[in-house]
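Novice: model the following, please.
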Amino acid sequence: MENGIFERVNVVREYGNDYQINHFEKWGKWKNKDTQASFEKTLDEIFGDGNWGTVKDEGKTKYKLGEKLEERAIREDKRLSNGAWKISYTKNLDIVVVSVLEQGLETNTAQTLASWALDFGVITEKMHDLLQSRYHEGLRETHIKDLKNNSIIKTNEDRIVDDFAQITKQLTNQVAGTLKRMEKAEIIEFYPVYKGHIAKTDTTINLHENVYKQVVALKRRLMEHYDVSEWYLMTYRNSKKTIEFNKEYLEQLAFVEDENGKTLGLDYYYTTYAVILKARKKKIIAYLSKYNKEVIEQFKQDEQKFLVENEQQFHEKRKEHVVNEAQKKANKFLQPKPFKIANEEFGGKTVVRTPTIYDYDFDSDYYALYFEGLYTQRIGELQEYYGYTFNYAN
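Specialist: Residues are numbered from 1 along each chain as shown. I've put the predicted structure just below:
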């Protein structure tokens, strides 16, 4: 439907969404200005601003449509993506990702967010390896030994490595937010693919969505039973509750059945993500038009310089953010909090006071980092050590 004059209802039926179609068919005209404006923005995207309009024909108001654009335009989104921009480097992260997508990302398999982050140049190989170590004790010990040999951490400071791994995990979650914005900009299709590992045959299979929901529900139910969280399980790996939880969880996970009633024998599961590129030209411009319009001219003036500087800004802002968040955590840790004190007559009571090193008779070397003002320094050194291999384009 183009290059002609058409009944408005037919144009709405062709290009409108369900709400707009129902609205126009009910009233025979636009009764709501916002609904009309939204529909006519769609016409702008399809035909271009000024290449369509309304005319009087045979005493009726009709739409006059010109020739469609070669490629549908992207509607600018003035919303701040539910607070995404509160993190200083998010827009830089988005441009790093979309610039890689612009080059054409070739992979036929779904990957974990960590693997996508590595492909996009958001994390280094060492960071990716560190994320894997969260679930492999032998690999974790290798990282800790390496860090001690390089004087990044000292004896019995192992827990801060887990802290930094969790900080890195947060970055991969932010990559998921970036990919969702790319999807809204119609640059990619992005969806989860659930995986399960079968211990007996050492094979990995795709899990049906309903099976995935079963294993998630199983884990949540057991976590409630043992009164543990993901943070607790990662932090207190050798506690009695963690050991008991893991034992029962693995026992019950092995009995999960597939959608046909067959027992699978799973020993772990995880989520990967498929990213499928759409046949869209000028992906960076498409993204900027929707989310970061103010820098389009800067990008057009010198694309290479813009992308190199953006990548540098991302890594610099990321390091600054990590250090600042570590300092906030250290400050919060040292704030007054409830402590139970011994009392022979009443069996102990709770008082609020500033913590001291004597309150922590376990992992005392780790907690000493807070009291000695070294926690933020260690996190900064870990960020430097794991991120030093980033290379900027020339």
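
Novice: can you give me the strands in the stretch 1-150 of the chain?
Specialist: 4-7, 52-57, 60-65 (DSSP state E, counting those that start in this stretch).

Novice: list the buried residues of the shortest one.
Specialist: In other words, strand 4-7. For strand 4-7, the neighbour count (16 or more other CB atoms under 10 Å) marks F6 as buried. Glycine gets a C-beta too; all of them are placed from N, C-alpha and C.

Novice: next: stretch 237-256.
Specialist: Neighbour counts over stretch 237-256 (16+ other CB under 10 Å) mark T242, F245, Y249, L253, V256 as buried.

Novice: list the contacts of I276.
Specialist: By CB atoms under 8 Å, 6 or more residues apart in numbering, the contact set of I276 is I188, E189, F190.

Novice: let me see the contact set for the last one.
Specialist: The neighbourhood of F190, defined by CB under 8 Å, 6+ apart, consists of L179, K180, M182, E183, Y273, A274, V275, I276.

Novice: any figure for the gap between the fourth one and F190?
Specialist: Right, E183. E183 sits 5 Å away from F190, taking CB to CB, to the nearest Å as the criterion.

Novice: does the lowest-mean-pLDDT helix or strand in the chain pack against any helices or strands, and if so which?
Specialist: Ranking every helix and strand in the chain by mean pLDDT, DSSP states H and E puts strand 337-341 at the bottom, with a mean of 80. In terms of contacts (3 or more CB pairs under 8 Å, 6 or more residues apart in numbering; DSSP states H and E), strand 337-341 is packed against strand 349-353.

Novice: quick one: buried residues of the next helix or strand after the strand it packs on?
Specialist: Sequence order places helix 364-371 as the next helix or strand after strand 349-353, per DSSP states H and E. In terms of neighbour count (16+ other CB under 10 Å), helix 364-371 has its buried residues at Y366, Y367, A368, L369, Y370, F371.

Novice: and those residues, which two are furthest apart?
Specialist: Farthest pair in the buried residues of helix 364-371 (CB to CB) is Y366 and F371. Separation: 10.7 Å.

Novice: overlap in contacts, those two.
Specialist: Common neighbours of Y366 and F371, counting by CB under 8 Å, 6+ apart, are absent.

Novice: starting at the chain centroid, how far to stretch 95-110?
Specialist: Centroid displacement of stretch 95-110 relative to its chain, using CA atoms, centre = their mean, to the nearest Å, is 16 Å.

Novice: other residues contacting that stretch?
Specialist: 119-122, 175, 178-179, 182, 187-188, 192-193, 272-275, 277, 282-284, 287-288, 292, 307, 310-311, 314.

Novice: for that stretch, buried residues please.
Specialist: For stretch 95-110, the neighbour count (16+ other CB under 10 Å) marks I95, V96, V97, V98, S99, V100, L101, E102, A110 as buried.

Novice: could you tell me the end-to-end distance of it?
Specialist: End-to-end span of stretch 95-110 (CA to CA, to the nearest Å): 22 Å.

Novice: kindly report the same for stretch 354-368.
Specialist: Note: stretch 354-368 ends 15 Å apart using CA to CA.

Novice: equivalent analysis for stretch 111-122, please.
Specialist: Chord length of stretch 111-122, first to last residue, is 15 Å (CA to CA).

Novice: what lies in contact with it?
Specialist: With CB under 8 Å, 6+ apart as the contact definition, stretch 111-122 has outside contacts at 93, 96-97, 100, 105, 107, 123-125, 127-128, 131-132, 171-173, 175-176, 179, 270-273, 275, 311, 314, 390.

Novice: sketch out the low-pLDDT regions of the protein for me.
Specialist: 1, 70-85, 106, 108, 342-348, 389-394 (pLDDT under 70).

Novice: swap the cut-off to 80 and go again
Specialist: Applying pLDDT under 80 to the chain flags the ranges 1-3, 18, 48-50, 68-86, 105-108, 279-280, 340-350, 388-394.

Novice: please enumerate the helices of the stretch 201-350 of the chain.
Specialist: Along the stretch 201-350 of the chain, counting by DSSP state H, counting those that start in this stretch, helices occupy 209-226, 230-235, 240-253, 283-291, 296-301, 303-333.

Novice: which among the ones you listed is found nearest to N149?
Specialist: Among the helices of the stretch 201-350 of the chain, helix 303-333 comes nearest to N149, with 22.9 Å by CB to CB.

Novice: helices or strands up against that closest one?
Specialist: Going by 3+ CB pairs under 8 Å, 6+ apart, helix 303-333 lies up against helix 90-103, helix 159-184, helix 375-387.

Novice: relative to helix 364-371, how tilted is the last one?
Specialist: Angle of helix 375-387 versus helix 364-371, following axes from the mean of the first three to the mean of the last three CA atoms, to 10 degrees, is 110 degrees.

Novice: CA atoms only for helix 375-387, dumped as CSV, please.
Specialist: Extracted C-alpha coordinates of helix 375-387, given in CSV (Å, rounded to 0.1, in the frame of the first residue of the first chain):
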residue,chain,number,x,y,z
TYR,A,375,39.2,-3.5,50.7
THR,A,376,38.8,-0.9,48.0
GLN,A,377,42.5,-1.1,47.1
ARG,A,378,42.3,-4.8,46.6
ILE,A,379,39.3,-4.6,44.3
GLY,A,380,41.0,-1.9,42.3
GLU,A,381,44.1,-4.1,41.9
LEU,A,382,42.0,-7.1,40.9
GLN,A,383,40.2,-4.9,38.2
GLU,A,384,43.6,-3.7,37.0
TYR,A,385,45.1,-7.2,36.9
TYR,A,386,42.1,-8.9,35.1
GLY,A,387,41.5,-6.0,32.7
